[in-house]
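Q: How does the following fold in three dimensions:
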Amino acid sequence: MQCLECLVQLEDTSSQSTCSSCIAYQRNFDKTIISREFDDFYNSTKNNKGVCIVELSGGKDSLVTLYLLKKKLKLNPIAVTFDNGFIPESIIKNAKKICRKLNVRYIIAYSNLSKNIKHKAEENICSICNSYINRIIISIASRYGINWSVNGENKYRRLNPYVTSLGQISAKVSNNDEFVLNTINLPFAMRLKKKESDNILKTKLNWKKPSIKFCSSNCLAYEIIYSKFPKSNDQLKKNCLENLSAEIRSGFLTREEATQIFSEDGPQSNFNSKLSLTDIENPDNEILITFDSDDVDANSI
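A: So this is what the prediction gives:
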């Protein structure tokens, strides 16, 4: 049985018709907290010359977030993309083009993570990728005195003890001190809706949907995992449903919109991927910070 509020399958149908996450969200959400979190981010960033990092995956949500930061909030974001080896070249090219259009400084870091799915499908490639991203943005933020990193997730960061859009990441930096970086899920903090996001993509960014499945608009990792481990479909399906369900709770999607997205782009049993690891493998596994030659040099940030 499916939760009446989202798309999650209920494990125990004898006692409730709503999943525990939906119950927690309804109990713990307070719009005044989210509004205060946004104000804290905005005022702190504005007082730091408007400079923040935006985690630019190249997908639609991060591109909308970049637009909101630059055009609506009038801030000065530095876009950082981690090319994990699964992002098509067309996605990177489009991100570069949009950064030029918006006059945003753009940094690309590269490391091929294909080795992480050669032997088993259970490895959470997104978690591995996030650990690299955190390492990269902390390195940049600590060097240039940046206090905030912004991502394009259309959902809350945490449900308990209260619903929040904020988080923190930390790491040891060169002087062996602990550097703590504030993070915010900006679309959620701004209470963005899918229709608003779609309008920005269409009218402001001229974005066209790429032919990527598994509820992604930038990364081929899940598709390649499925091509190598077809039995992983159930887990990929669960991941996709949980993410869409979080976006329903957060108010970004309606249940009907999420159902349609899953039917069009979710993992399907009859999906026939033509991709394999050999399509994206590269012996180079170094993280290389590279700058677009047309962009401002890192030392001038």
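Q: Report how many residues lie close to Q26.
A: 12 (other Cβ atoms under 10 Å). C-betas here are computed from N, CA, C, even on glycine.
Q: Quick one: list the elements packing against the helix or strand containing it.
A: Assigned by DSSP states H and E, Q26 falls within helix 20-28. Counting by 3 or more Cβ pairs under 8 Å, 6 or more residues apart in numbering; DSSP states H and E, the packing neighbours recorded for helix 20-28 are helix 233-249.
Q: helices or strands next to the helix it packs on in the packing?
A: Using 3+ Cβ pairs under 8 Å, 6+ apart as the contact test, the elements touching helix 233-249 are helix 20-28, helix 221-228, helix 255-265.
Q: would you turn those into a markdown table with distance to E178 and mean pLDDT?
A: Shown next, in a markdown table, are these (distance: least, Cβ to Cβ, whole Å; pLDDT from 0 to 100):
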| stretch | distance to E178 | mean pLDDT |
| --- | --- | --- |
| helix 20-28 | 29 | 97 |
| helix 221-228 | 31 | 77 |
| helix 255-265 | 39 | 92 |
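Q: Point out the most buried one among those helices.
A: Mean neighbour count (mean count of other Cβ atoms under 10 Å) peaks for helix 221-228 among those, with a mean of 22.
Q: Please write out the alpha-carbon positions of it in CSV.
A: Extracted C-alpha coordinates of helix 221-228, given in CSV (Å, rounded to 0.1, in the frame of the first residue of the first chain):
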residue,chain,number,x,y,z
ALA,A,221,25.4,6.9,-13.1
TYR,A,222,22.2,5.2,-12.3
GLU,A,223,21.6,4.2,-15.9
ILE,A,224,25.1,2.7,-16.1
ILE,A,225,24.6,0.9,-12.8
TYR,A,226,21.4,-0.6,-14.1
SER,A,227,23.1,-1.7,-17.3
LYS,A,228,25.7,-3.6,-15.3
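Q: Relative to the whole chain's centre, how far out is that helix?
A: 19 Å (Cα atoms, centre = their mean, to the nearest Å).
Q: And stretch 191-201, by the same measure?
A: Chain-centre distance of stretch 191-201: 16 Å, with Cα atoms, centre = their mean.
Q: mind listing what S211 touches?
A: By Cβ atoms under 8 Å, 6 or more residues apart in numbering, the contact list for S211 is empty.
Q: 217 is where my numbering starts, stick with that
A: Yes, from this point I'll number from 217; that puts the last item at S427.
Q: In the protein, where is pLDDT below threshold?
A: By pLDDT under 70, the weakly predicted segments of the chain are 229-230, 331-340, 447, 482-517.
Q: Help me confirm that S273 is found in a helix?
A: No. Applying DSSP: H, G, I helix; E, B strand; the rest coil, one finds S273 to be coil, outside a helix.
Q: Hmm, C345 and it touching each other?
A: No. The pair S273 and C345 fails to qualify as a contact (Cβ atoms under 8 Å) at a distance of 9.3 Å.
Q: So between the two, which is more surrounded?
A: S273 (26 against 20).
Q: measure the more buried one to V280 for me?
A: According to Cβ to Cβ, to the nearest Å, S273 and V280 sit 11 Å apart.
Q: what pairs with Q225 across the strands?
A: Taking DSSP bridges as the rule, Q225 bridges to Q218.
Q: Run a quick check on it versus Q218, I expect a contact.
A: Yes. Under the criterion of Cβ under 8 Å, Q225 makes contact with Q218 at 5.9 Å.
Q: circling back: out of the helices and strands packed on helix 449-465, which comes closest to L408?
A: Proximity to L408 (Cβ to Cβ) singles out helix 471-481 among the helices and strands packed on helix 449-465, at 13.2 Å.
Q: What lies in contact with that closest one?
A: 221-223, 410, 428-432, 456-457, 460-461, 463-464, 469.
Q: rerun at 6 Å
A: L223, K410, K429, C431, L460, I464 (Cβ atoms under 6 Å, 6 or more residues apart in numbering).
Q: Quick one: residues contacting the third one.
A: Residues counted as contacts of K429 (Cβ under 6 Å, 6+ apart) are E439, D481.
Q: ok, it to S306 distance?
A: 16 Å.
Q: Alright, that wraps it up for me.
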